[in-house]
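Undergrad: for reference, the sequence and a predicted model appear below.
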Amino acid sequence: MDATELSNEEMILSFLAEGGDDYISGAALSDKLGLSRTAVWKYVEQLRKMGYRIDAQSAKGYRLLEVPDRLTTLEVGPLLATRDLGHTLHHYEQLESTNAKAFELAQEGGSHGELIVTEHQTAGKGRRGRSWVSPAGKSLAMSLILRPEIAPSRAPEVTLVAAVALAETLRDSGVQADIKWPNDVQIAGKKVAGILTELSADVERVHFVVLGIGVNLNAELSDFPPEVAELATSVNLTRHSPVHRALFTAALLAKLEQWLDTWTDDGFEPVREAWKTLASTLGQEVLVRADQRELRGIAEDIDPSGALLLRVGDKLERVLSGDVEQVRSRKS
């Protein structure tokens with residue numbers, strides 16, 4: 001596990017990444033870091049042991065050739081373009097649940113924007129106690145500690161903020177992702193990502209929100225259990241090329257921070273409008289299972305709090321939570 005500020009290894013990687021195909025001399029790195037050339041060499045050797053391929057030429061310096069596909073602060077940190085999100089990063093080789101660890105850290109005083117990631121999540125949680133499959137080294141399994149200054153009644157809005165940011169990031173990655181109310185992101189009707197928010201609050205205020213996001217990035221069909229293989233997909237399976245997980249993580253954090261800022265400054269309405277443009281649920285005939293009952297009707301809209309508005313005959317039902325199954329398309 002690591003939770004780090006700007007380390008010497010991270011700074012060396014950042015300088016080498018900025019250099020692209022050019023070599024950066026040991027003297028230049030020494031000057032930038034305020035270290036001896038021997039110390040720079042020792043840090044480069046440490047990075048090599050971590051899986052970084054760094055070429056060294058006596059007359060030229062150092063050049064970064066290859067970065068391991070991992071999600072530590074060394075990979076994600078230099079890519080961040082955020083103000084708060086992800087700058088304190090807790091990385092684990094294996095966790096039962098990133099949400100559970102984030103909740104624990106938040107209770108211990110974890111600050112807004114702290115990020116928890118794992119290479120392999122063994123007991124990931126979905127809505128209503130379901131499990132979330134997370135193939136080792138091929139997915140993004142992350143949770144964020146958020147401390148928004150909102151009333152508890154507004155906490156469900158965080159899920160829709162995250163869904164917009166996630167769908168847009170996936171679209172920027174070259175796949176046509178859309179949102180199924182309330183918290184699934186799909187590609188061509190198959191689930192590629194899920195969101196789970198949990199909170200600590202009293203009657204008057206939210207103490208913190210844990211925002212959990214799981215994304216199938218590089219999974220193959222063989223990585224999915226038989227019971228979900230026909231229902232799930234990955235970015236790699238869709239676009240037929242692997243995803244750079246650290247780049248995707250940094251891009252998602254940047255997009256999420258932008259939408260959280262919009263939500264904080266301008267309220268839920270801009271989020272609601274963006275969500276509607278990305279939604280697959282609206283305009284569809286759906287079956288909703290909620291609160292020990294089933295409702296079948298047309299998903300017309302979401303209201304200003306994010307609840308689903310379902311037209312059942314002549315009545316408009318307001319659904320706060322539930323499982324949505326598409327019955328047939330209403331779109332031409």
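TA: Here it is on my side, so go on. Given the structure is predicted, the values throughout are model-derived calculations rather than measurements.

Undergrad: switch to C-alpha atoms for all contacts and neighbour counts from now on
TA: Fine.

Undergrad: and the strand or helix carrying residue 29, what does it pack against?
TA: Per DSSP states H and E, residue 29 falls inside helix 26-33. Packing contacts for helix 26-33, counted by 3 or more Cα pairs under 8 Å, 6 or more residues apart in numbering; DSSP states H and E, involve helix 8-19, helix 37-49.

Undergrad: tell me where the stretch 201-332 of the chain has helices.
TA: 226-229, 235-239, 245-266, 269-278 (DSSP state H, counting those that start in this stretch).

Undergrad: which of those sits closest to residue 81?
TA: Residue 81 sits nearest to helix 245-266 of all these, at 5.9 Å, using Cα to Cα.

Undergrad: give me the mean pLDDT for that closest one.
TA: Mean pLDDT, helix 245-266: 97.

Undergrad: contacts for it, please.
TA: Helix 245-266 is contacted by residues 69-71, 75-76, 79-86, 139-140, 161-162, 164-166, 168-169, 173, 217, 270-271 when judged by Cα atoms under 8 Å, 6 or more residues apart in numbering.

Undergrad: give the buried residues for it.
TA: Residues of helix 245-266 classed as buried: 245-260, 262-263 (neighbour count, 16 or more other Cα atoms under 10 Å).

Undergrad: ok, now stretch 294-314?
TA: Within stretch 294-314, the residues scored as buried using 16+ other Cα under 10 Å are 295-302, 305-311.

Undergrad: format the helices of the stretch 201-332 of the chain as TSV; extra columns: distance to residue 8.
TA: Converted to TSV, the helices of the stretch 201-332 of the chain look like this (distance: least, Cα to Cα, whole Å):
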stretch	distance to residue 8
helix 226-229	43
helix 235-239	33
helix 245-266	19
helix 269-278	39
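
Undergrad: mind checking which of those helices is nearest residue 177?
TA: Of all the helices of the stretch 201-332 of the chain, helix 269-278 comes closest under Cα to Cα, at 7.9 Å.

Undergrad: let me know the average pLDDT across that closest one.
TA: Here the average pLDDT along helix 269-278 is 97.

Undergrad: got the angle for it vs helix 245-266?
TA: 130 degrees (axes from the mean of the first three to the mean of the last three Cα atoms, to 10 degrees).

Undergrad: which strand residues bridge residue 324?
TA: residue 288 (DSSP bridges).

Undergrad: my read is that it contacts residue 284, right?
TA: No. Contact criterion Cα atoms under 8 Å: residue 324 and residue 284 do not qualify, at 10.5 Å.

Undergrad: okay, now the domains of this protein?
TA: For the chain, automatic domain parsing gives the domain ranges 8-66, 73-278, 285-328.

Undergrad: which of those sits most buried?
TA: Mean neighbours per residue, mean count of other Cα atoms under 10 Å, is largest over the domains of the chain for domain 73-278, with a mean of 20.

Undergrad: contact partners for the residue nearest in space to the middle of the chain?
TA: When Cα atoms, centre = their mean is applied to the chain, the residue found nearest the centroid is residue 213 (4.7 Å). Contacts for residue 213 (Cα under 8 Å, 6+ apart) come out as 140-143, 193-196.
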